[in-house]
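Peer 1: I'll drop the sequence and a predicted model, then ask my questions.
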Amino acid sequence: MSLVEKFRRTFMRRGRAVVLAYDHGIEHGPTDFLDNERSADPAYIIEVAVKLGVDGIVLQRGLAEKYYSGQLPLILKLNGKTSLYPGEPISVANCTVEEAVSLGASAVGYTIYAGSGLEYKMFEELARIKHDAVKFDVPLVVWSYPRGSKVKDEQSPEIVAYAARVALELGADAMKIKYTGDPKTFSWAVKVAGRVPVLMSGGPKTKTDEEFLRQVEGVVAAGGSGVAVGRNVWQRQDPFTIGESIKKIVYG
Amino acid sequence: MSLVEKFRRTFMRRGRAVVLAYDHGIEHGPTDFLDNERSADPAYIIEVAVKLGVDGIVLQRGLAEKYYSGQLPLILKLNGKTSLYPGEPISVANCTVEEAVSLGASAVGYTIYAGSGLEYKMFEELARIKHDAVKFDVPLVVWSYPRGSKVKDEQSPEIVAYAARVALELGADAMKIKYTGDPKTFSWAVKVAGRVPVLMSGGPKTKTDEEFLRQVEGVVAAGGSGVAVGRNVWQRQDPFTIGESIKKIVYG
Amino acid sequence: MSLVEKFRRTFMRRGRAVVLAYDHGIEHGPTDFLDNERSADPAYIIEVAVKLGVDGIVLQRGLAEKYYSGQLPLILKLNGKTSLYPGEPISVANCTVEEAVSLGASAVGYTIYAGSGLEYKMFEELARIKHDAVKFDVPLVVWSYPRGSKVKDEQSPEIVAYAARVALELGADAMKIKYTGDPKTFSWAVKVAGRVPVLMSGGPKTKTDEEFLRQVEGVVAAGGSGVAVGRNVWQRQDPFTIGESIKKIVYG
Amino acid sequence: MSLVEKFRRTFMRRGRAVVLAYDHGIEHGPTDFLDNERSADPAYIIEVAVKLGVDGIVLQRGLAEKYYSGQLPLILKLNGKTSLYPGEPISVANCTVEEAVSLGASAVGYTIYAGSGLEYKMFEELARIKHDAVKFDVPLVVWSYPRGSKVKDEQSPEIVAYAARVALELGADAMKIKYTGDPKTFSWAVKVAGRVPVLMSGGPKTKTDEEFLRQVEGVVAAGGSGVAVGRNVWQRQDPFTIGESIKKIVYG
Amino acid sequence: MSLVEKFRRTFMRRGRAVVLAYDHGIEHGPTDFLDNERSADPAYIIEVAVKLGVDGIVLQRGLAEKYYSGQLPLILKLNGKTSLYPGEPISVANCTVEEAVSLGASAVGYTIYAGSGLEYKMFEELARIKHDAVKFDVPLVVWSYPRGSKVKDEQSPEIVAYAARVALELGADAMKIKYTGDPKTFSWAVKVAGRVPVLMSGGPKTKTDEEFLRQVEGVVAAGGSGVAVGRNVWQRQDPFTIGESIKKIVYG
C-alpha cells in the first residue's frame, strides 16, 4: 500500500480529513493560548480532539511524549522554530522518524520554507526524513510555506501553487498549504499537487466562525482533501460548535 | 561495461538521445504549466513521452514515486531548488542514488552551478553521488550550469565550454549544457567534453518551432549527442508535431 | 518509569528541588569566584552542597571528571560557552550523554537560546541529546533562555513563558528558567510547562538575602518545583545560612 | 617503506621528478587549451607524457576514469575548483583516496590555500585524506598555494617558504609549490620543507622556452626534487622539444 | 591512573615540566627560524631537546611522522592554523588521537580560542578529541588562548585566569596558558585551574635571557607546573645555556 493510501486510510476515513493542529506552543509561543487559557493544556486539547471525533492531531515530540497515548491518530511534527528566531527562515528536526514511530505516530510532519536563504538545508533534511519515512512506512506530511525576500505574499495563488508543487516533487504523501482566498485559485494548487492530498492550513482565528467556514467550503469546492486547523477551534471558548460545523462541511 | 556505454545503450539506442525534461515544477514552479494546463499533470507528460517514443524522461523523486512505473527509461534528477531561493546558487540532493535505483531510474541527474559562492558544496555532494552511482552501476548525468557574479553570460561559448569540461573532469557519464547559439562554438564545448555525451538543454519555449529546431540542428552539426527538452515540447498545445520534428533531426 | 518521574525521585525527594549550580567557571569566568575566593575550588563547592544537604549539583564535564565521586546526585551540564564569545548566542555540547553517565550523572543539562540566529543549531543538537538521554535513561534538564535581537527583556513574563513552553515541546524532563519578578506571571510559565517540573534559575547575587528569598517564595507560590541556585549561595561568605533558608522555603 | 620513499621510487627513479600536470580543465577552463587545441584531448596529453617518458601525470577523477589505463604513473588530484568561483578560496575533494586507488593512482594530490578564510575547511579535509592515504598506502602530494587577503604576493620567498613548511607540518609526502624567482630564495623553501621532496609548479607559459628552463635550472640548483609542469609543455605546438630540455636539466 | 597523573608521571618526573615547543612552522611560518637557521631542521630541534634532557617535545603530525622515533616523550599537537588566516580565529585538528598514538605520542595537544566567533566549533571538536583521549588513554593538553573582539589584552590577569578555568571545565589534563606578567596574578590562574597542571607558554624571544628567566621564576613562585618553551630556546644561537637555566629554575 502506498503511503498516500495509508494516509487516506488513517486520516481520511470519511473521504476528507479534519486534523487538529497544536504545534503553536513552539511556533508562536503561549500567547496563542490566551484567548482560551485551557488551551495551554495539551491534555485538554487531546480531549477536545477526541470528543470532536476529528481524524488526527498534530503534536511536537515533547507533547507526544508527555501526553499522548493513542487517543486518536497522531501526526508527529518533526521540526519547529520559535517566532523569536530572527534569521533566514529555517526549521530543523527535533525528532527522528524512528522516535516519532516509537511515540505512536501514524504520520510525520515537516515544514519547508522554500524561498528562504536556507531552503537547501531544509531540502537536505527533508530528504533524510523522506528516506526514513519510507523505511518506517509512515506517511510524510509536508507543511509547505514559501517565505523569504522573493515571496511578497505568502497566500498569493502563485506562491501557494508553487508550495503545493514543491511538496509533490519532494515526495510528500500529504501536504498542508495556506489558503489562496478563493476556491478557483485554490483549485489550481490542488491540481498541481497531483496525487497528493492537500489540506488547508487553518491560520489565525477569524473574526467570525462564518469567515473561517467559508474558507473550508472553498477548500472542499476546490477539490482539497481537508483542513488542519488549530486556533480557529481551540482559541474559541466553545471549540465544539465550530468544530462540528467544520466536520459537516469537510465530510459533506 | 562503462557507465558512458551504459548511458548510450539506454538513452542513445538510435545513435543520439531525445530526453523529455520535466523538473520544472520545482525549478520554476507551476507557472511553467500555464501555456498548456494539461502539462501540470505528470501522468499526461509521461503519456506524451511514451507516445512520442523518446528515449527517456527526467523526473524528481516525488513524481517518480507517485507516477512512474517503468513506462520508459527514467533519469531521476537528484537535486533541485526553487526559483524563490534568493541566495548564492545551490541545489542539494533530495534523493539518494540508492533510492533513485529503487524508484526504477536508469540514470541519475545532478545540477552543479560552478561559479556560485557555494560551488564547493555542490562539488562535495556530487562526489558522494558519483561514488554511489558507480556503486549502484547507474550513469551520472551532470546538469552543468555555471552561474554567479563572475558569470556574465551563461550561454557564452567560453562559459558553456567550461561547463562541459567541468562535467567531464568531475566524472559525468553524460551531461546537459546550454546552447551557445551556433554549431561552431558548440562544437568546441563538445570537443572539450571528450568522451562524455553532450545533450543540449532545451531552455524556454522559442517563439516558433523553427527557432528551436535550428538549435537542435546546430547541436547535431556540432557533434552533440542529443537534447533534453521540456518546455519546447509540452508548453505547446500540440507537443507531438514538434516532438516528431526533433526526433527526425536528432536521429537523422 | 518516565524520565520526569525519575527526575522527581532523584532531585525532588522532598517534593521540590534545591540544586546547587556551578557552571559559572565557563559561562562567566573566574570573576564570579572573587566575592568568596574559596568558591573557585570545586571541592569546596561540593563540600558545601553535601553539608547543606541539597538535592543535587550542576557541573561541567571537566569538574565532574576531576572532582566528582558520587557525593550527591549530579546534573552534568553538557554544553557551555564563554562570556567572551561575541557572536549570535550558541552553546554546544562538550560532553556526550554517554560520557555524562560514565561520569556518574543522574541527569544531563543543556542550554538553548531560542531567539538566537543559531537557534536551529541548538535545536538540532538538543534532538541528538534527547535521543541519547532516552537511550541511556537519564532525565534531560533544559536551561531555556531566549536571547537575541527580538528578545528585548529576557525576564519578561511573555519570554519566560515562551521559554518554558519550548522546553516542554522539545522534550525536557525538567527545566530551568528565569524568574519573571512575581508569582502571578511565573505561574503562567509553570502552567504552560505542563507536566515538566520548573526550576527557577537563581541568577546574580541579590543585594540582600531577603531579596532572593522573596523570589524563592514566589516560585513556590507559583507552583514551581524548586530552584537551581549558584551565586546566591556560594558568593556569600556564609553559604549555609542562606542555603538553609532556601531549603526551608522550597521544602515547605 | 615510508610514503616519501614510495613517492621517490615511483616518481623520482632518475633522482628527480618530471610530472606532467593536467588539471587545468577544472581549474582554469578550456581556454588553457586554445594555444594548442590538441591539448583539449586527454588522450593526446597522455600520449605526449608517455612519449616524453616523464615520471607521471596529474589528472582529475573524471579524466582518469575515462582515459587512464596505467600508461604511466598517475597522481590523482583529489580536489579542484573553477576560476569562476568568487568566494574565499576553497577547493574540496571530488574523489576519495579509495576511489583514486581503484582508478590506478600511485599517489594522490590535494591543494590547500593557507591564508584563505576557509583555510580550516581544507585543513580538516586534508586530515581525512592523509588518514586514508596512510590507510591505502599511497603518497600524498600537497599543492601548497597560500592565498587570501594577507597574501600580497603568492611567489614571494616568505610565502613560498611558508607554503613548503605547512605542507611538511600537515603530513605531505611530496609537495608542489610556486617558484620564488631565484635559486637562493627557493633553496630556503626547500630547506624548510625538510625531508619532503619539493616540486616546482610550472605556472603559465613563459614567453620563451629559455625563460622556463632557467626556472627549472634554479629549482635543481636550489636542491628541489623536480617539476610538475603543464602549460609550459602542452601549450606549445611542439611539446617534445621543451619536454626533452626539461628532462635533461632535471635528470642532470 | 587518572590522565592528570599520567601526564605528571611522563612529563613532570622531576616535579615540574620543561617541554620544548616546536609548532611554529605552521603557526608563524619559517620566519621564526631565521634567528637560528639550524632551527628550521626538526632533527636539530629534537637533538637539542634530547641533549638538554627536557621532559618532552611538541610537534605537529607531519614532523612526528618524518622525524620522531621515540627520542623523548612527545606531545602531538593536533590542530594548527597559519598566521595568514584572516578570519575569526579557528584552528582545526589535522590529526586524530588515534593517529597521534600510532605516531608515538604520550599526550595530545589542542588549542582553543575562547572569545572567537568560532569558539563553538573548537569546543565541539575538543569534545570529540577529549572523548578519544580518554578512549586511547592519553592525556589531553589544552592550549587555552582567548582571542577575539572582546579580548582586549590576551595576557591580562582576568583573561589568563579565564583561559585556565575554561581548560579545566572542558576536561584538560594539563594546560598551556600565557603569562600574566607577575607571580601574584598568575597564581590566581593556577588556583582556578584546580587540579590541572599549568604550563606557561614561552612566547616570543625576550631581549635578554634574564627577562625570560624572571618569567619562569614567576611561574614557579605562582605554583605553576612548568613551561612549554620554544623560541626562547631555539631562536638563540646557544640554546643550551638558557635551557639549563630554565631547567634549574623549574626543577628547583
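Peer 2: Nice, I can see it. Numbering: from 1, shown residues only, chains lettered A, B, ... in the order given.

Peer 1: please count neighbours and contacts with C-alpha atoms only from this point.
Peer 2: OK.

Peer 1: assign a three-state SS to residue A:88, would you?
Peer 2: coil (DSSP: H, G, I helix; E, B strand; the rest coil).

Peer 1: burial of residue A:64, as a residue count?
Peer 2: When neighbours are defined as other C-alpha atoms under 10 Å in any protein chain shown, residue A:64 has 23 of them.

Peer 1: swap in residue A:248?
Peer 2: Applying other C-alpha under 10 Å, we find 11 residues neighbouring residue A:248.

Peer 1: OK, contacts around it?
Peer 2: With C-alpha atoms under 8 Å, 6 or more residues apart in numbering or on different chains as the criterion, no residue contacts residue A:248.

Peer 1: quick one: low-confidence parts of chain A?
Peer 2: Across chain A, nothing is flagged by pLDDT under 70.

Peer 1: quick one: the strands in it, in order.
Peer 2: A:17-21, A:56-59, A:74-77, A:79-80, A:92-93, A:107-112, A:140-144, A:174-177, A:198-201, A:226-229 (DSSP state E).

Peer 1: gap between residue A:47 and chain D?
Peer 2: According to C-alpha to the nearest C-alpha, to the nearest Å, residue A:47 and chain D sit 52 Å apart.

Peer 1: same question but for residue A:43, I mixed them up
Peer 2: As defined by C-alpha to the nearest C-alpha, residue A:43 lies at a distance of 48 Å from chain D.

Peer 1: pretty sure that residue sits against residue A:67.
Peer 2: Yes: between residue A:43 and residue A:67 there is a contact at 6.3 Å, judged by C-alpha atoms under 8 Å.

Peer 1: re the thing from before, can you add distance to chain B and give the strands of chain A back as CSV?
Peer 2: Shown next, in CSV, are the strands of chain A (distance: least, C-alpha to the nearest C-alpha, whole Å):
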stretch, distance to chain B
strand A:17-21, 20
strand A:56-59, 23
strand A:74-77, 19
strand A:79-80, 17
strand A:92-93, 16
strand A:107-112, 12
strand A:140-144, 12
strand A:174-177, 12
strand A:198-201, 15
strand A:226-229, 20
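
Peer 1: which of those strands sits closest to residue B:6?
Peer 2: Comparing the strands of chain A against residue B:6 with C-alpha to C-alpha, the closest turns out to be strand A:140-144 (34.3 Å).

Peer 1: and that closest one, what does it pack onto?
Peer 2: Contact here means 3 or more C-alpha pairs under 8 Å, 6 or more residues apart in numbering or on different chains; DSSP states H and E; on that basis strand A:140-144 packs against strand A:107-112, helix A:157-170, strand A:174-177.

Peer 1: how close does the one residue in the stretch 151-252 of chain A that gets nearest to chain E get to residue B:99?
Peer 2: Using C-alpha to the nearest C-alpha, the single residue of the stretch 151-252 of chain A nearest to chain E is residue A:151, 31.3 Å away. Distance, residue A:151 to residue B:99, by C-alpha to C-alpha, to the nearest Å: 32 Å.

Peer 1: re earlier: most tightly packed of the strands of chain A?
Peer 2: Burial of the strands of chain A is given as mean neighbour count (mean count of other C-alpha atoms under 10 Å in any protein chain shown); strand A:74-77 ranks first at a mean of 30.
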